[in-house]
Structure formats: structure tokens, C-alpha cells
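K.L.:
below: sequence and its predicted model.
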Amino acid sequence: MAQKPFAEALNEQIANEFGAHQQYIGAAVYYESETLPRLAAFFYRQAVEERNHAMMMVQYLLDANQEVRIPDIEAKLTRFDNVVAPVRMALDQENRVTEEINALFKLARDNGDFQAEQFMQWFVKEQVEEVSTMTDLLRVVERSADNALLVEEYLAREGLGQEGDDPTAPPAAGGAF
């Protein structure tokens with residue numbers, strides 16, 4: 001069985017990235033409803049980051065003169081059982097995205113698509129950071145589950161997720177917003 005073309009697989013990943021964007025908004029909404037503004041802000045920032053990843057992929061496809069498909073997105077969770085659940089969900093999501101990114105990288109390499117492989121290198125590096133950030137946050141949230149204000153204090157002190165723009169990131173369609 002022949003492998004699917006890289007552009008088709010990347011369009012599927014665009015859907016995954018937009019789905020992650022929407023789910024992070026769902027987590028932010030949950031934290032807003034629990035009056036945990038720093039956790040909400042963290043997830044709103046994560047949502048923008050995921051949206052930007054999708055838009056980087058859109059720009060790559062445009063630059064490669066390939067079809068871009070913008071997906072429908074299914075409804076996402078906005079209610080969780082406790083303050084730990086959204087972060088656990090986010091870590092699971094980042095681990096899944098890491099597998100997806102690695103599969104895209106492998107597809108590009110196996111097909112000898114050097115441009116696609118080079119494009120995916122940044123995302124491979126980015127996923128190490130994403131999983132690390134969510135792992136750290138999950139540890140803090142689990143230890144502070146009985147007093148979520150300690151997580152708020154941690155986020156205020158450490159600035160988790162506020163590292164700023166990466167100048168090595170691929171360009172996003174529509175520019176940086």
C-alpha cells in the first residue's frame with residue numbers, strides 16, 4: 001500500500017492543530033469559570049500557539065502550491081471534574097501531537113521530500129518543549145489540587161508559557177497576530 005502524500009497528511013494535521021486550539025480554549029473557559037485567571041490565560045496562550053501552528057502549516061502548503069483544506073471542528077470540553085483534568089488532557093493531547101508530528105517527519109523523510117522534512121524539524125523541536133511544559137504544569141497542579149491558588153502563584157512566579165516568539169519558527173499564513 002502506497003503512503004499518502006505529505007500534503008494530504010499535513011492537511012490532516014492542520015485539522016488536529018485547530019482541534020487542539022479549540023480544546024485549549026475549552027480548558028481556558030473552564031478555568032475562567034473557576035476564577036483561576038492565570039490558568040485561563042495560560043490556556044488561552046496555548047490556544048493561540050496551536051492556531052499559529054496550524055497557520056504555519058497552511059502557509060507551507062500555500063508556498064508549496066498544494067491544496068489547503070480548512071476543517072470543521074467538533075465541539076470540545078468546557079467542563080471538567082477537577083482542576084487537574086484539563087492539564088492531564090493537555091498532556092495527553094501534546095503526547096498525541098508529538099506522535100503525529102513524528103509520523104509527518106518520517107513520511108517526509110521516507111518519501112525523500114527534503115523541503116517537507118526541513119519544515120517539520122521545527123515542529124519536532126517544538127513538541128519537546130510542549131510536552132515538557134505540560135508535564136511540569138501537571139506535576140504542579142497535582143501537588144496543588146487541594147489549593148489551586150498555589151498553581152496561580154506558580155504561574156505568576158514562573159511565567160510558564162510566556163517565553164515569547166521563536167525567531168526560528170516557520171512563517172504563519174496571515175502573519176503573526
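P.N.:
That came through, no problem.

K.L.:
pLDDT score for the residue nearest to the spatial centre of the chain?
P.N.:
Centroid check for the chain by CA atoms, centre = their mean gives residue 50 as the closest residue, at 4.0 Å. Per-residue pLDDT puts residue 50 at 96.

K.L.:
pretty sure it contacts residue 15?
P.N.:
No - the criterion here is CB atoms under 8 Å, and residue 50 misses it with residue 15 at 11.7 Å. From N, CA and C alone the C-beta is placed, and that goes for glycine too.

K.L.:
flag the shaky bits of this structure, pLDDT-wise.
P.N.:
Scanning the chain for pLDDT under 70 picks out 1-3, 162, 164, 176-177.

K.L.:
where exactly do the helices run in it?
P.N.:
In the chain, the helices defined using DSSP state H lie at 6-33, 37-63, 85-110, 114-143, 149-158.

K.L.:
which of the residues in the fourth one are buried?
P.N.:
Burial within helix 114-143, assessed by neighbour count using 16 or more other CB atoms under 10 Å, is assigned to 116-117, 119-120, 122-123, 126-127, 130, 133-134, 137-138, 140-141.

K.L.:
same check, this time on the last one
P.N.:
Within helix 149-158, the residues that count as buried by 16+ other CB under 10 Å are 151-152, 154-155.

K.L.:
in a markdown table: the helices of the chain, plus distance to residue 168.
P.N.:
Below are the helices of the chain laid out as a markdown table (distance: least, CB to CB, whole Å):
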| stretch | distance to residue 168 |
| --- | --- |
| helix 6-33 | 18 |
| helix 37-63 | 12 |
| helix 85-110 | 16 |
| helix 114-143 | 6 |
| helix 149-158 | 23 |
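
K.L.:
nearest residue to residue 18 in space, please, no chain neighbours.
P.N.:
Leaving aside its sequence neighbours, residue 18 sits nearest to residue 54 (CB to CB, 6 or more residues apart in numbering; 5.0 Å).

K.L.:
who's in contact with residue 142?
P.N.:
residue 84 (CB atoms under 8 Å, 6 or more residues apart in numbering).

K.L.:
so how far is residue 148 from it?
P.N.:
Counting by CB to CB, to the nearest Å, the gap from residue 142 to residue 148 is 11 Å.
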